[in-house]
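[1] Please find the sequence and the predicted model below.
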Amino acid sequence: MVLLVLNSIPTWNLKTKVMKRLEGNRVTVFYETEMEAAEDILKLTDTNAKALEERMGFTSKQDLKIYIYDHQRTMQTKKYGLIAPLLGLDWYIVDNIGTNVIVTSPANPGKAHNYDSIRNAVLHEMVHAYNSVLNPHTQLWLKEGIALYLTNGKPFHKSLLDYIDIPSYSDIQTKNPIKFANIGGYDLAHTYIKYLDVTYGWEKVLELIKIKDYRKVFGVSEEEIYSQWVG
């Protein structure tokens, strides 16, 4: 118990002692020393916030805060505690905790990213933050699919299927982010959301996020929707 408590200490407060504040119209940014990167992130997120809020069905401004850390290890400890940097997650540079987005400064991207990839990932994480208000328990496949669809999902080409298999119905039920990546989630989940949007309309997609009852929303089961998407 003592070790668990000690590990969790960094998660108790998302702000570090040296953080300064930048205030936008719809977004508040906290940063350590990388002011230019923080100003860039504020401009990007504040410019896109209203449109993303509206797409997620909000009619009023949401309380979105972004915490930018100079070092990746600091960002990781804010989510998972002191043990996080020991796990070797070089790819892990951004996350959300409710309506708070935590991110490694794009000015110090680490080994697996660059300035632009971190910058673009922040918009993706904003969608997760808004999604957490609608339903914090949204299925991983839907949650990631929606964020990819609204922000940084790559255009789909059939040639992609020469390299990855379409995940099974059982696969897309996963709650494991690593398995999600391994089954091609970041390449395909947004195509699932696009199918729902084009076929049934965006309002139905938002309703699904809130209640996750496929039959009530679409009139058919989740497995039938999966088969329609694959077909």
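    Thanks, I have it. Note that the structure is a prediction, hence the values are computed from the model and not measured. Residues are numbered from 1 along each chain as shown.

[2] quick one, strands of the protein?
    20-23, 27-31, 64-69, 94-97, 100-104 (DSSP state E).

[3] Now do the third one and strand 100-104, the angle between them.
    In terms of direction (axes from the mean of the first three to the mean of the last three CA atoms, to 10 degrees), strand 64-69 departs from strand 100-104 by 20 degrees.

[4] Dump strand 64-69 to PDB, keeping only the CA atoms.
    The C-alpha coordinates for strand 64-69 follow below in PDB (Å, rounded to 0.1, in the frame of the first residue of the first chain):
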ATOM      1  CA  LEU A  64     -10.800  22.300 -21.400                       C
ATOM      2  CA  LYS A  65      -7.400  22.600 -19.900                       C
ATOM      3  CA  ILE A  66      -4.100  21.500 -21.500                       C
ATOM      4  CA  TYR A  67      -1.000  20.800 -19.400                       C
ATOM      5  CA  ILE A  68       2.300  20.900 -21.400                       C
ATOM      6  CA  TYR A  69       5.400  19.300 -19.800                       C
END
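
[5] Output the contacting helices and strands for it.
    Here strand 64-69 touches strand 27-31, helix 35-55, helix 72-80, strand 100-104, helix 115-134, going by 3 or more CB pairs under 8 Å, 6 or more residues apart in numbering; DSSP states H and E. Heads up, the C-betas are built off the backbone N, CA and C, glycines and all.

[6] what residues are up against the residue nearest the centre of the chain?
    For the chain, the residue nearest the mean C-alpha position is residue 125 (3.4 Å; CA atoms, centre = their mean). For residue 125, the contacting residues are 94-96, 101, 103, 147, by CB atoms under 8 Å, 6 or more residues apart in numbering.

[7] just to revisit the earlier point, which among the helices and strands packed on strand 64-69 is found nearest to residue 194?
    Between residue 194 and those, the tightest spacing by CB to CB is seen for helix 35-55, at 13.4 Å.

[8] Identify each buried residue in that closest one, please.
    Of the residues in helix 35-55, 37-38, 40-42, 44-46, 48-49, 52-53, 55 count as buried by neighbour count, 16 or more other CB atoms under 10 Å.

[9] sorry, back to before: Serialize the helices and strands packed on strand 64-69 to JSON lines and add fields for distance to residue 187 and mean pLDDT.
    Shown next, in JSON lines, are the helices and strands packed on strand 64-69 (distance: least, CB to CB, whole Å; pLDDT from 0 to 100):
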{"stretch": "strand 27-31", "distance to residue 187": "29", "mean pLDDT": "98"}
{"stretch": "helix 35-55", "distance to residue 187": "22", "mean pLDDT": "97"}
{"stretch": "helix 72-80", "distance to residue 187": "24", "mean pLDDT": "93"}
{"stretch": "strand 100-104", "distance to residue 187": "23", "mean pLDDT": "97"}
{"stretch": "helix 115-134", "distance to residue 187": "14", "mean pLDDT": "96"}
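
[10] Save the ones you listed as CSV, and put in distance to residue 186 too.
    Shown next, in CSV, are the helices and strands packed on strand 64-69 (distance: least, CB to CB, whole Å):
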stretch, distance to residue 186
strand 27-31, 25
helix 35-55, 19
helix 72-80, 19
strand 100-104, 18
helix 115-134, 10
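
[11] Right, I'll leave it there.
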